[in-house]
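Student: Next one to model:
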Amino acid sequence: MNTYPLEAMSLDEAKKIQFELVDTVTRHFQGSEVLSLGDLGVINGLNKPKTTFKVEETLADFFGVEKAVLVRGAGTGALRYSIMSILKSNDNLLVHDAPLYPTTKITIQSMGTNVIKADFNNMENIQKVIEVNKIDAALIQYTRQKIDDKYNIKDVIQKIKSIKDIPIITDDNYAVMKVRKIGVQNGADLSTFSMFKLLGPEGIGCVLGKKEYIDKIIDFNYSGGSQVQGFEALEALRGLIYAPVQLAIQAQVCEELMQRLNAGEVKKVKRAFIANAQSRVVIVEFDENIAKDILKETNKLGAAPNPIGAESKYEFVPMIYRISGTFRESDPHLEDRMIRINPMRCGVDTIIRILKDAIKAIGY
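Tutor: Below is the predicted model of the structure:
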């Protein structure tokens, strides 16, 4: 079994991104504003808090897009509003031939949108599907939906646009601040992601891209009660500033963990490999069907058994948990012999110790 994880930024690249973001902030905020908690309510002419507006301008400038908007509902809300801004009932949405993320599937079904599938790993198949179907828009998930996915998102965007210039939405969750360019920077019309997964506050999402679609999203959220408040916007921005360096360190820990497990440091491990499922993790395969027993013990030993927001500000102990739902749907038997590990903020030695103690606890 081969996996094709996204290429992570180096620590030096992540530091550069952090510095560039802070530089962009200083071009939009006065120092005293950065040291405040932001304003509340809507301002005449903006229909949103002034601080929220400034954060959105900062994000648009930093990512090099026409406009940005912060929304409620985290990544799901960002993606939902994006789909609503482009598609109508009975429109056809092109997606990858793979299990859809559950909340994305609910959004598509509730809108009455038709799904047309193509294998994004196969450029000829994309061409054929678009040529024989009426396609109104496309949705591309940046990270992997199947364990053997290997498509390059830039190539897929360019291929679709070369056949038919339709709007393209990218689900950039688990990719932002890990990869060098997100969807809109590779030619998509809208990028969507959760700020909660980037050390930000609960429930806040972001949409970046074309003004014509983002203006519709802003109209959807005209009500003052729908607005992201200034203190939430500033908290989201602060989290984003710290995210790239932390995520680069996390990626380095994944690499070292994979190498040490494959060197035989922990018994019963058949092999380990890195995958984006959905976040960048180490997948560990055991030589017996002991995965579920291992997970019972790792929780007792201090590892988080499930995500909150997956890489949120609350998740600092290593997370050792079952393989993702989309992976389970592609092959239900994988759950018996595989687990996934996200180091979060810890080092390799902690994870190795927990695994060794868990294996000992189940009788090996």
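
Student: what about the nearest residue to residue 107 once chain neighbours are set aside, neighbour count?
Tutor: Nearest residue to residue 107, sequence neighbours excluded (Cβ to Cβ, 6 or more residues apart in numbering): residue 80, at 4.6 Å. All C-beta spots, glycine's among them, are computed from the backbone N, C-alpha and C. Using other Cβ atoms under 10 Å, residue 80 is surrounded by 23 other residues.

Student: Surely residue 80 is within a helix?
Tutor: Yes: under DSSP: H, G, I helix; E, B strand; the rest coil, residue 80 falls within a helix.

Student: Mark out where each domain of this protein begins and ends.
Tutor: Under the assignment automatic domain parsing, the domains of the chain span 11-242, 244-361.

Student: which secondary element of this protein has the worst mean pLDDT?
Tutor: Least confident element among the helices and strands of the chain, by mean pLDDT, DSSP states H and E: helix 325-330 (a mean of 70).

Student: Now the element after it, going C-ward?
Tutor: Using DSSP states H and E, the next helix or strand after helix 325-330 towards the C-terminus is helix 334-337.

Student: and that next one, which residues are buried?
Tutor: By 16 or more other Cβ atoms under 10 Å, the buried positions in helix 334-337 come out as 334, 335, 337.

Student: Determine the set of other helices and strands touching it.
Tutor: When contacts are defined as 3 or more Cβ pairs under 8 Å, 6 or more residues apart in numbering; DSSP states H and E, helix 334-337 packs onto helix 291-300, helix 325-330.

Student: Need the residues that contact the helix or strand that the longest one is followed by.
Tutor: Following the chain from helix 291-300 toward its C-terminal end, the next helix or strand by DSSP H and E is strand 319-321. The contact list for strand 319-321, computed with Cβ atoms under 8 Å, 6 or more residues apart in numbering, reads 294-295, 298-299, 303-307, 339-342, 344, 351, 354-355.

Student: So residue 278 sits against residue 307, correct?
Tutor: No: Residue 278 is beyond contact range of residue 307, at 9.6 Å (criterion: Cβ atoms under 8 Å).

Student: For these two, indicate the residue with more neighbours.
Tutor: The residue with more neighbours, out of residue 278 and residue 307, is residue 278; 25 against 17, by other Cβ under 10 Å.

Student: That one in helix, strand or coil?
Tutor: Here residue 278 is recorded as coil under three-state DSSP.

Student: related to what we said a few turns ago, so can I have TSV of the buried residues of helix 334-337 showing pLDDT?
Tutor: Rendered in TSV, the data for the buried residues of helix 334-337 read as follows (pLDDT from 0 to 100):
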residue	pLDDT
334	85
335	90
337	93
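
Student: What ranges does the stretch 151-300 of the chain have for its helices?
Tutor: In the stretch 151-300 of the chain, the segments counted as helices under DSSP state H, counting those that start in this stretch are 153-163, 211-220, 230-262, 291-300.

Student: Show me what counts as buried in the third one.
Tutor: The neighbour-count criterion (16+ other Cβ under 10 Å) identifies 230-248, 250-254, 256-258, 260-261 as the buried residues of helix 230-262.

Student: What average pLDDT does that helix get?
Tutor: Averaging pLDDT along helix 230-262 yields 97.

Student: so what secondary structure elements neighbour that helix?
Tutor: If contacts are counted by 3+ Cβ pairs under 8 Å, 6+ apart, helix 230-262 sits against helix 11-26, helix 50-63, strand 67-72, strand 204-209, strand 269-276, strand 280-286, helix 348-361.
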